[in-house]
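In: test case, fold it:
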Amino acid sequence: MRALVGLYFAIGIALLAIGFLLPGPCENRNTDVVSNIVFVLTWPVGLYAEVYHGPHSVRDWLHAQACSGGDGLGPKNI
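Out: Numbers count the residues shown, from 1 in each chain. This next block holds a predicted model:
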């Protein structure tokens, strides 16, 4: 069980690191610790909602987290 939870956190941290390294220079880098922790804890939901069923590619999704202050799951467009 510990190995499974560790793998879950490792994948989330790796995705976050890739998001910060992949896009290159950003004009507004996301430095909000809470946003990054929420991303690591909820990455499967974001991947499913924003990439699998949503309009974004994985690269766009990770870029939004690293450079736009989040992945877009919070604000709702009405």
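In: tell me the pLDDT of residue 77.
Out: Turning to residue 77, the model gives it a pLDDT of 51.
In: and for the closest residue to residue 13 other than its chain neighbours, the neighbour number?
Out: The shortest distance from residue 13 to any non-neighbouring residue, by CB to CB, 6 or more residues apart in numbering, is to residue 40 (5.8 Å). Using the backbone N, CA and C atoms, a C-beta is placed for each residue, glycine as well. Counted with other CB atoms under 10 Å, residues neighbouring residue 40 total 18.
In: can you tell me the element residue 40 falls in?
Out: With elements delineated by DSSP states H and E, residue 40 resides in helix 33-46, which encompasses its position.
In: before we move on, what about residue 31?
Out: Following DSSP H and E, there is no helix or strand that holds residue 31.
In: swap in residue 65?
Out: Element membership for residue 65 (DSSP H and E) is helix 58-67.
In: for that helix, list the C-alpha coordinates in CSV.
Out: Written as CSV, here are the backbone C-alpha positions of helix 58-67 (Å, rounded to 0.1, in the frame of the first residue of the first chain):
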residue,chain,number,x,y,z
VAL,A,58,-0.9,17.0,-22.1
ARG,A,59,1.6,19.6,-22.9
ASP,A,60,-1.0,22.4,-22.7
TRP,A,61,-2.3,21.0,-19.4
LEU,A,62,1.1,21.0,-17.8
HIS,A,63,1.9,24.4,-19.3
ALA,A,64,-1.2,25.8,-17.7
GLN,A,65,-0.2,24.5,-14.3
ALA,A,66,3.4,25.9,-14.6
CYS,A,67,2.7,29.2,-16.3
